[in-house]
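Colleague: Could you work out the structure for the sequence below:
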Amino acid sequence: MAIIPYKKSTTLCSFLFLFSFGLCLVTTFAGLRRFEHPTKEDGSMSFLVLGDWGRRGAFNQSQVAFQMGKVGEKLDIDFVVSTGDNFYDNGLSSEHDAAFEESFTKIYTQNSLQKQWYSILGNHDYRGDAEAQLSPLLRKIDNRWLCLRSFVVNAELAEIFFVDTTPFVNMYFTNTKDHTYDWRGVPSRKAYIQTLLKDVELALEKSSAKWKIVVGHHAIRSIGHHGDTQELIKHLLPILQANDVDFYMNGHDHCLEHISDNKSGLQFLTSGAGSKAWRGDMKNGEGLNKEGQVNFFYDGQGFMSVQLNPTQAEIEFYDVFGNVLHSWTASKQLLLLHPSI
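Modeller: Just a heads-up that it's a prediction; the model follows:
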């Protein structure tokens, strides 16, 4: 997969980073790298969302992958989104770690899954060599793989903003007795978070996409094991609410869930059930009475699909057997321009 180096003095065509899927990348004014991904000819798009999966096929990872392949073929998906915790328990040890192929390449083998995978880092990924997952070498081993800390995918119909949420969480910096984290890419936590929030806010403000989607590893709202992430409620949620974001998608809690925000049209969608799930581990959700509405919760393995067109979004959650557990549809008006009379 050849990459054309970026040079500020070159023409627009030289800004492109070319990938085997016809994908291109340019830099953006907001400081976030931006990938262009075309929609289908009819203007629609579809993709799968999976989180917390990399266990060399164990804990039903292979079974979930099989069902993803079937759904991916049925929906003719355009790409896959990974919400982080890509490799357990402690990320990759290096860019040569066999776990990459054993947990990714050799598991997601069906034809429909041979599409671009957009991935972000989770807290378990930061426990290993975080830089390894960002390495171009992995894209040479498997050209589906694309993992960055934060970036934007512009799919014409929708813009998807990937946000590196792990550095927001205080406990990873204050409780390091049991685990260490690879913070080489975060030399100054405060400056890193401030810059990221500014970049995300600016990109969202300037977005004219029909659908705005934000992806992070940690849940903003959840009744699963970890529950709400207070740091994201404080710093990220107000930005999403103010900029009419439609969906916030995450992993971290090993479950599937759908929660509606009471202060905006934002929907919180958790898909962190790619392998090991936490049966019966559920919070009572008392804190959501004023802030949100729980529409669906499932404590087993599975994944999520997203289908979009200019006027409608359809979200579906599947279990390890491919059964649809929950469906939800959102509609938008198609604005028509009428000539003045």
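
Colleague: tell me which element the nearest residue to Arg127 once chain neighbours are set aside falls in.
Modeller: Distance criterion CB to CB, 6 or more residues apart in numbering; nearest residue to Arg127, sequence neighbours excluded, is Asn90 at 4.2 Å. Every C-beta, even on glycine, is put in place using the N, C-alpha and C of the backbone. Using DSSP states H and E, Asn90 sits in no helix or strand.

Colleague: for the stretch 151-300 of the chain, which spans come out with low pLDDT?
Modeller: Along the stretch 151-300 of the chain, the parts satisfying pLDDT under 70 run over 284-289.

Colleague: where do the helices sit along it?
Modeller: 171-174, 189-206, 230-235, 237-242 (DSSP state H, counting those that start in this stretch).

Colleague: Reformat the ones you listed as a markdown table; add mean neighbour count and distance to Arg34.
Modeller: Formatted as a markdown table, the helices of the stretch 151-300 of the chain follow (neighbours: other CB atoms under 10 Å; distance: least, CB to CB, whole Å):
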| stretch | mean neighbour count | distance to Arg34 |
| --- | --- | --- |
| helix 171-174 | 12 | 28 |
| helix 189-206 | 16 | 8 |
| helix 230-235 | 15 | 22 |
| helix 237-242 | 17 | 18 |
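
Colleague: Dump those to a markdown table, plus distance to Gly272.
Modeller: Converted to a markdown table, those look like this (distance: least, CB to CB, whole Å):
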| stretch | distance to Gly272 |
| --- | --- |
| helix 171-174 | 17 |
| helix 189-206 | 21 |
| helix 230-235 | 15 |
| helix 237-242 | 19 |
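
Colleague: closest to Met282 out of these?
Modeller: helix 230-235 (18.8 Å; CB to CB).

Colleague: Run through who's touching that closest one.
Modeller: 165, 168-170, 193, 197, 216, 218-221 (CB atoms under 8 Å, 6 or more residues apart in numbering).

Colleague: got a list of what Phe151 touches?
Modeller: 32-35, 118, 162.

Colleague: Just the ones of the contacts of helix 230-235 in strands?
Modeller: Counted as lying in strands by DSSP state E, out of the contacts of helix 230-235, are Gly216.

Colleague: Farthest pair within the contacts of helix 230-235?
Modeller: Using CB to CB for every pair in those, the one that comes out farthest apart is Ile193 and Arg221, at 19.9 Å.

Colleague: and the residue nearest to Met282 when sequence neighbours are not counted, how many neighbours?
Modeller: Ranked by CB to CB, 6+ apart and with sequence neighbours excluded, the top spatial neighbour of Met282 is Ile223, at 5.8 Å. As a burial measure, Ile223 scores 23 neighbours (other CB atoms under 10 Å).

Colleague: Look up how far Gly292 lies from Ile223.
Modeller: With the distance defined as CB to CB, to the nearest Å, Ile223 ends up 10 Å from Gly292.

Colleague: Pull up the overlap in contacts between the two.
Modeller: In contact with both Ile223 and Gly292: Ile259, using CB under 8 Å, 6+ apart.

Colleague: before we move on, the earlier item: pull out the buried members of the contacts of helix 230-235.
Modeller: Buried members of the contacts of helix 230-235, counted by 16 or more other CB atoms under 10 Å: 165, 168-169, 193, 197, 216, 218-221.

Colleague: In JSON lines, list the residues you listed along with distance to Val153.
Modeller: Listed next are these as JSON lines, based on distance: CB to CB, whole Å:
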{"residue": "Thr165", "distance to Val153": "17"}
{"residue": "Phe168", "distance to Val153": "21"}
{"residue": "Val169", "distance to Val153": "24"}
{"residue": "Ile193", "distance to Val153": "22"}
{"residue": "Leu197", "distance to Val153": "19"}
{"residue": "Gly216", "distance to Val153": "14"}
{"residue": "His218", "distance to Val153": "19"}
{"residue": "Ala219", "distance to Val153": "21"}
{"residue": "Ile220", "distance to Val153": "20"}
{"residue": "Arg221", "distance to Val153": "23"}
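
Colleague: The helices of the stretch 151-300 of the chain: which one's closest to Asn143?
Modeller: Of the helices of the stretch 151-300 of the chain, nearest to Asn143 by CB to CB is helix 189-206, at 26.3 Å.
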